[in-house]
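Asks: When you get a sec, could you give me coordinates for this:
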Amino acid sequence: MRRIGFAVLLTLLLAIAACAEATDDDATDDVAEPEPTPTEEIAEDPTPEPTATPVPEDEDDATLDDEDDAVEPEDDAIDDDEATDDTAALSELVDEITENVVEMRGLELLEDIDLSIMTHDELRDYLEDSIELEQHEIDRDWLLRLIPDPDEDVEQMLIDLQVADVGGFYDPETGETVVVSDDDELSAMEEVILAHEIVHALQDQHFDLGRLESLLPDGDAALSFRSMLEGDAVISQQQYVETYLDEERQMEYQQDAMAAQQDEETMAAIEDIPSYYLETFVFPYSAGPEFMSQVVGDDLNNMDEYIENPPVSTYQVINSQAYIAGELDDPVDVEMPDLGDRLGGTWEMSEEGTFGAFTLFMILYENEATDPVVAFDGWSGDWYEFYISEDDQSLVAVSTVWEDEDQAAAYEDQLLETMADYDEEDGVWMSDDRYHVVIQDGDSLDLMSSTDPDALLDAADMQ
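Replies: The predicted model follows:
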């Protein structure tokens, strides 16, 4: 799934509370994280879903009566002067914010900030051109039981969510920093969002954010990298609030945040979208600050090491203390059998890549396993392949490797628990026109799911 630049999903309780507790090792215990996002200390009951992005509501615009439409030339001149003054004031404010962020973050400004102000209507147009979610991706996620309905317009849901909930973004392809606003002046919230995005611009100038695209098809490594970027930006953003906003501006910021929590459009978008897509979107803004809070200390530059050489798996991000202590290895390479040969010439591989421990956790969580966090206990690597047949059948195979046989068995137990109510015949579990097999062999575990039971048996070599 493609994502828009580096969108600021500043989920209120998530971003603000997380940053406020950034120096507390147990900060996430007090933060209203999105429901299933795991941390090193995971509550038995899911935490509340995230609140809306803190984008303040627009104030009512003054409109002209018909009798005022004919404006005298001298009034035009006054309006032009006012517009020029407004532009100059905004430019001066942007320069001041940039100077403050550079001073605070400790990264030299190598190129001027290329700032654009985008209205919400313009953001929707941008997203409709940028977000491309293919049907085969939706079918794959439905096969894995990550989403409930393959016929929902998830792409439109993603667009609606981001229009409602995104306050700004940085685009590493163009080097453009964008703040979403329908006003000519920056509110306190928009000032903070801009500071967040300027951090991303500085990251790009020093650490090359274009690396993100090169990480694919390892989506797990890409999500881990984004977590480091957002961890830095969210912590820096809160430092900016505390350092550079006066008391009145901080009060305005908090009021904007409180208003955003009650935004009906955002809450409706959050309720509509499948939680797997929402949580994947939110993950960098929750797990990233939790990770970075453990290394930042009293110097924001302490985060540079983890941006330049980031964790390469969500397993490392979640198990941050062990990773920072050097106790976790990188994921192992996982080999799969030649499924194309087993399936035959009517099947073609559509995509392949790494899911990672976060997605394996979500498979269990979405299907109400009693202990989904086993996904973060001993995961060593995985690889998946997704196939489509000439008659539009589909099959996904996920091969995982664990630290030992017991941990592989623990994940298998949780998977089978989620299928307890399914029909079963000769090791094939059936429900809702989907067929599944789970095969453990020592420290390896394979999950295969398909709409075609015969093809599933072929892929699993069970014929």
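Asks: Give me the domain ranges for the protein.
Replies: According to automatic domain parsing, the chain is divided into the following domains: 12-60+87-324, 339-459.
Asks: between those, which gets nearest to residue 332?
Replies: domain 339-459 (4.1 Å; CB to CB). Any C-beta I mention is one placed from the backbone N, CA and C, and that applies to glycine too.
Asks: What mean pLDDT does the closest one get?
Replies: Across domain 339-459, the average pLDDT comes to 97.
Asks: how distant is that domain from the center of its chain?
Replies: 23 Å (CA atoms, centre = their mean, to the nearest Å).
Asks: what about that domain, how long is it end to end?
Replies: 6 Å (CA to CA, to the nearest Å).
Asks: same deal with stretch 170-180?
Replies: 11 Å.
Asks: same question for it, mean pLDDT?
Replies: Mean predicted lDDT for stretch 170-180 stands at 93.
Asks: Just the buried positions in it, please.
Replies: Using 16 or more other CB atoms under 10 Å as the test for burial, stretch 170-180 gives 170, 171, 172, 176, 177, 178, 179, 180.
Asks: pretty sure the second one is touching residue 178, no?
Replies: Yes. Residue 171 is within contact range of residue 178, at 7.1 Å (criterion: CB atoms under 8 Å).
Asks: what about the helices in the stretch 351-463 of the chain?
Replies: Counting by DSSP state H, counting those that start in this stretch, the stretch 351-463 of the chain has helices at residues 356-366, 405-418, 453-459.
Asks: With distance to residue 333 as extra columns, can I get the domains of the chain in CSV?
Replies: Output for the domains of the chain, formatted as CSV (distance: least, CB to CB, whole Å):
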stretch, distance to residue 333
domain 12-60+87-324, 11
domain 339-459, 7
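Asks: how about these, which one is nearest residue 330?
Replies: When these are compared by CB to CB, domain 12-60+87-324 sits nearest residue 330, at 5.6 Å.
Asks: Would you mind naming the helix or strand containing the residue most central in space within the chain?
Replies: Central residue of the chain (CA atoms, centre = their mean): residue 281, 2.5 Å from the mean position. According to DSSP states H and E, residue 281 maps onto helix 275-293.
Asks: how much does that helix deviate in direction from helix 356-366?
Replies: Relative orientation of helix 275-293 versus helix 356-366 (axes from the mean of the first three to the mean of the last three CA atoms, to 10 degrees): 130 degrees.
Asks: Quick check: buried residues in the very next helix or strand once past helix 275-293?
Replies: Sequence-wise, the next helix or strand downstream of helix 275-293 (DSSP H and E) is helix 304-308. Within helix 304-308, the residues scored as buried using 16+ other CB under 10 Å are 304, 306, 307.
Asks: How about residues contacting helix 304-308?
Replies: For helix 304-308, contacts defined as CB atoms under 8 Å, 6 or more residues apart in numbering pick out 107, 203, 206, 207, 228, 229, 231, 232, 291, 292, 295.
Asks: My understanding was that the fifth one contacts residue 311; is that so?
Replies: By that I understand residue 228. Yes. Under the criterion of CB under 8 Å, residue 228 makes contact with residue 311 at 7.1 Å.
Asks: Spit out the residues that contact those two alike.
Replies: Common neighbours of residue 228 and residue 311 (CB under 8 Å, 6+ apart) are residue 291.
Asks: Can you name the residues bridging to residue 349?
Replies: Beta-bridge partners for residue 349, by DSSP bridges, are residue 387.
Asks: ok, now how distant is it from residue 397?
Replies: From residue 349 across to residue 397, the span is 10 Å (CB to CB, to the nearest Å).
Asks: Likewise for residue 189?
Replies: 45 Å.
Asks: now do residue 214
Replies: 25 Å.
Asks: Give me the more crowded residue out of these two.
Replies: residue 397 (25 against 10; other CB atoms under 10 Å).
Asks: so what's that one up against?
Replies: 336, 339, 384, 385, 387, 446, 447, 448, 459.
Asks: Those in strands, which ones?
Replies: 384, 385, 387, 446, 447, 448 (DSSP state E).
Asks: Pretty sure the second one sits against residue 338.
Replies: Looking back up the chat, that one is residue 385. No. Between residue 385 and residue 338 there is no contact under CB under 8 Å: 10.1 Å.
Asks: So if I had to pick from those two, which one is more boxed in?
Replies: More crowded of residue 385 and residue 338, by other CB under 10 Å: residue 385, with 20 against 7.
Asks: Next, the buried residues of the one helix or strand residue 341 maps to.
Replies: Using DSSP H and E, residue 341 maps to helix 339-343. Within helix 339-343, the residues that count as buried by 16+ other CB under 10 Å are 339, 342, 343.
Asks: If I follow the layout properly, the second one ends up in contact with residue 462?
Replies: Meaning residue 342. No. Under the criterion of CB under 8 Å, residue 342 makes no contact with residue 462, lying 10.3 Å away.
Asks: Just confirm residue 116 is within a strand.
Replies: Yes. Looking at residue 116 with DSSP: H, G, I helix; E, B strand; the rest coil, it is inside a strand.
Asks: which residues does it form a beta bridge with?
Replies: Applying DSSP bridges, one finds that residue 116 bridges with residue 178.
Asks: Could you measure from it over to residue 171?
Replies: In terms of CB to CB, residue 116 sits 9 Å off from residue 171.
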